[in-house]
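Peer 1: Please find the sequence and the predicted model below.
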Amino acid sequence: MKYKILSFLFLILLLQPIAVLAIEPGTSQNENIFEGNYTLILEGYDWGPAAKKVVIPMSETITETKASDFKVTVQRSLNGVEMSPAEASGSREVLFVYISDENGHRIPEGKHVTLVLMVHPNNPLDSPIKYVVKEGRGANQWIDYKLKINHTPSSKIWDTEAARIYNDLNRFDLSGTHSFEGTNLTYGSFTPKITSKKSPLIIWLHGGGEGGTDPSIPLVANKATNYATPEIQAFFNGAFVLAPQSPTFWMQSVDGDYTRGDKEDIYNKALFNLIETYVSEHPQIDTNRIYIGGCSNGGYMSLKLILEHPDYFAAGYISALAYSNEYITDDEVERIKNVPIWFVHSKDDTTTVPEQTVLPLYQRLIAVGAPNTHLSYYDHVIDLTGVYGGDAYYFPGHWSWIYSHANDADFDFNGEPVLKNGRPITIMEWLSNQKK
């Protein structure tokens, strides 16, 4: 139902009227009235960020625009990285245009035009980031993303990015750094409006493709910025959000290899010290309401910290768990059984195979009487918006974090809704109600 409504709204946008570009009387089409700079507006999607809008300045006040008068092309590149022709350059479809201010806000008349571009999860040309594989490891990186906007009736061109707007990301402070025993971590953070009451802390740990030293990547690569949106913040009446970043990947073992729980990783001690330090530096955080979650690599690390510090966290929310069940002892299961945890996973996940990770662990927790453990077990990871095919469109099965970020998970392993006081609730509403 959610995606049907969004599809209807999307069609309304496509059908809205357009008109001819109108220039103030007394201005010649031959005069150099067009500036060459543009402002790029990025938006977050379930599969990552995309260039959704571009704002171009006009020399004179205008009142009407026409989408068919504009052609947009893009060049994507990254030093030292070879791209296929299909992902390196091509055309961007202009859905519609409107008169706006310099930030893309619609106004009746003005000196800027905003072009709204088509985006699709299968079109790499939409994205300003790329998953780059080097020396056997992959990571998302920002790339050089250059648009060229051509006004065909006048042959005027805008081809220089002067500013970039990413409203969801702009909510975060990306300057965080932390060092502990020779390990350096970066992080992004969000601070809610401070009130007389203390606020909870939501910790998000990224997947294996978001390591590095740019804390914007863990937030944008799979839309973790959602945790600071008004919609999710409303459940918590305002919550701090902390998104740490590992230099490589959370599951890197002490011998430089990969661990799924069989060997010690190199980051859990520094990460927990970062969390403790951040909490101590923000006295408005309610230490009885600290929540930790993550996806894949970050799901491993979330569970690792819960296993190591079961009395510290009020709850966990873990998607695409990468911690292998075989390396979790019965004593550890007993240790964490009273920690509320909501797992999210997809049956067709071939990266973190559920039969080796979340399914046996969930069953073991239930068997020892875990009173507040849930598992939303999906058949597939689908397009929740309905714009790109709805339940007929499948994202990779590993991407079950989409259901967490979108606050879609609302059922338990038996298919029944998760209830609070007899009323169905979603994963974020459930999380907001957990307290030590």
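Peer 2: Done, it's in.

Peer 1: quick one, longest strand in this structure?
Peer 2: Counting by DSSP state E, the longest strand found in the chain is strand 48-62.

Peer 1: buried residues in it?
Peer 2: Using 16 or more other CB atoms under 10 Å as the test for burial, strand 48-62 gives 48-58, 62. Every C-beta, even on glycine, is put in place using the N, C-alpha and C of the backbone.

Peer 1: Farthest pair within these?
Peer 2: Greatest spatial distance among these (CB to CB): 48 and 62, at 33.5 Å.

Peer 1: tell me the helices in this structure, going along the chain?
Peer 2: Counting by DSSP state H, the chain has helices at residues 2-15, 85-88, 167-170, 216-220, 230-236, 268-281, 297-308, 330-336, 358-367, 401-405, 427-432.

Peer 1: List the contacts of the residue nearest to residue 366 when sequence neighbours are not counted.
Peer 2: Closest residue to residue 366 apart from its sequence neighbours, by CB to CB, 6 or more residues apart in numbering: residue 373 at 6.4 Å. Neighbouring residues of residue 373 by CB atoms under 8 Å, 6 or more residues apart in numbering: 337, 340-343, 362, 365-366.

Peer 1: what comes up buried for stretch 171-184?
Peer 2: Result for stretch 171-184 [16+ other CB under 10 Å]: buried residues 171-172, 174, 176, 178, 180, 183.

Peer 1: contacting residues around that stretch?
Peer 2: With contacts defined as CB under 8 Å, 6+ apart, stretch 171-184 is touched by 185-191, 214-216, 219, 225, 228, 241, 243-244, 247, 266-267, 269-270, 273-274, 277-278.

Peer 1: How many residues are close by residue 248?
Peer 2: Neighbour count of residue 248, defined by other CB atoms under 10 Å: 15.

Peer 1: Can we start the residue count at 33 from this point?
Peer 2: In the new numbering, first residue 33, that becomes residue 280.

Peer 1: and stretch 444-459, how far apart are its ends?
Peer 2: Stretch 444-459 has an end-to-end distance of 10 Å (criterion: CA to CA, to the nearest Å).

Peer 1: what about that stretch, distance to the chain center?
Peer 2: In terms of CA atoms, centre = their mean, to the nearest Å, the centre of stretch 444-459 is found 25 Å from the chain centre.

Peer 1: which residue ranges form the strands in the stretch 233-382 of the chain?
Peer 2: Per DSSP state E, counting those that start in this stretch, the stretch 233-382 of the chain carries strands over the ranges 272-277, 317-327, 347-351, 373-378.

Peer 1: will you turn these into a markdown table that also has mean pLDDT?
Peer 2: Formatted as a markdown table, those follow (pLDDT from 0 to 100):
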| stretch | mean pLDDT |
| --- | --- |
| strand 272-277 | 98 |
| strand 317-327 | 98 |
| strand 347-351 | 98 |
| strand 373-378 | 98 |
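
Peer 1: related to what we said a few turns ago, reformat the buried residues of strand 80-94 into a markdown table and put distance to residue 345 next to each item.
Peer 2: Output for these, formatted as a markdown table (distance: CB to CB, whole Å):
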| residue | distance to residue 345 |
| --- | --- |
| 80 | 28 |
| 81 | 29 |
| 82 | 34 |
| 83 | 37 |
| 84 | 36 |
| 85 | 39 |
| 86 | 43 |
| 87 | 43 |
| 88 | 48 |
| 89 | 49 |
| 90 | 53 |
| 94 | 55 |
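
Peer 1: so where's the stretch 333-468 of the chain uncertain?
Peer 2: Residues of the stretch 333-468 of the chain meeting the criterion pLDDT under 70: none.

Peer 1: hmm, back to that, what's the longest strand of the chain packed up against?
Peer 2: strand 69-77, strand 142-149, strand 176-183 (3 or more CB pairs under 8 Å, 6 or more residues apart in numbering; DSSP states H and E).

Peer 1: need the contact list for residue 369.
Peer 2: If you count contacts by CB under 8 Å, 6+ apart, residue 369 has them with 397, 400-403, 405.

Peer 1: Centroid-nearest residue for the protein?
Peer 2: Nearest residue to the geometric centre of the chain (CA atoms, centre = their mean): residue 255, 1.0 Å.

Peer 1: Surely that residue and residue 82 touch.
Peer 2: No. The pair residue 255 / residue 82 is not scored as a contact, 10.8 Å apart, by CB atoms under 8 Å.

Peer 1: Next one, pLDDT for residue 61 please.
Peer 2: According to the prediction, residue 61 has pLDDT 33.

Peer 1: Residue 91 too?
Peer 2: We have a pLDDT of 84 for residue 91.

Peer 1: what residue ranges in the stretch 33-182 of the chain score low on pLDDT?
Peer 2: Across the stretch 33-182 of the chain, the ranges flagged by pLDDT under 70 are 33-67.

Peer 1: Not counting its neighbours along the chain, what's nearest residue 460?
Peer 2: residue 439 (4.4 Å).

Peer 1: quick one, strands of the stretch 83-232 of the chain?
Peer 2: Using DSSP E, counting those that start in this stretch, strands in the stretch 83-232 of the chain cover 102-109, 121-124, 126-132, 142-149, 161-166, 169-174, 176-183, 188-190, 192-197, 205-212, 215-222, 231-237.

Peer 1: right, and those - which one's nearest residue 324?
Peer 2: Among the strands of the stretch 83-232 of the chain, the nearest to residue 324 by CB to CB is strand 231-237 (4.5 Å).

Peer 1: roughly how far out does the closest one sit from the chain middle?
Peer 2: 15 Å.

Peer 1: quick check: mean pLDDT across it?
Peer 2: Rounded mean pLDDT across strand 231-237 is 98.

Peer 1: okay, it in PDB with CA atoms only?
Peer 2: Extracted in PDB, the C-alpha atoms of strand 231-237 (Å, rounded to 0.1, in the frame of the first residue of the first chain):
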ATOM      1  CA  SER A 231      17.800  12.000  24.800                       C
ATOM      2  CA  PRO A 232      18.700   8.500  23.600                       C
ATOM      3  CA  LEU A 233      21.600   7.600  21.400                       C
ATOM      4  CA  ILE A 234      21.200   5.600  18.100                       C
ATOM      5  CA  ILE A 235      24.500   4.100  16.900                       C
ATOM      6  CA  TRP A 236      24.700   2.900  13.300                       C
ATOM      7  CA  LEU A 237      27.600   0.700  12.100                       C
END
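
Peer 1: Name the strands paired with that strand and say parallel or antiparallel.
Peer 2: strand 272-277 (parallel), strand 317-327 (parallel) (DSSP bridges).

Peer 1: who are the neighbours in contact with the closest residue to residue 104 other than its chain neighbours?
Peer 2: Among residues not flanking residue 104 along the chain, residue 124 sits closest, at 4.2 Å (CB to CB, 6+ apart). By CB under 8 Å, 6+ apart, the contact list for residue 124 reads 83, 104-106, 149-150, 157-158, 179.
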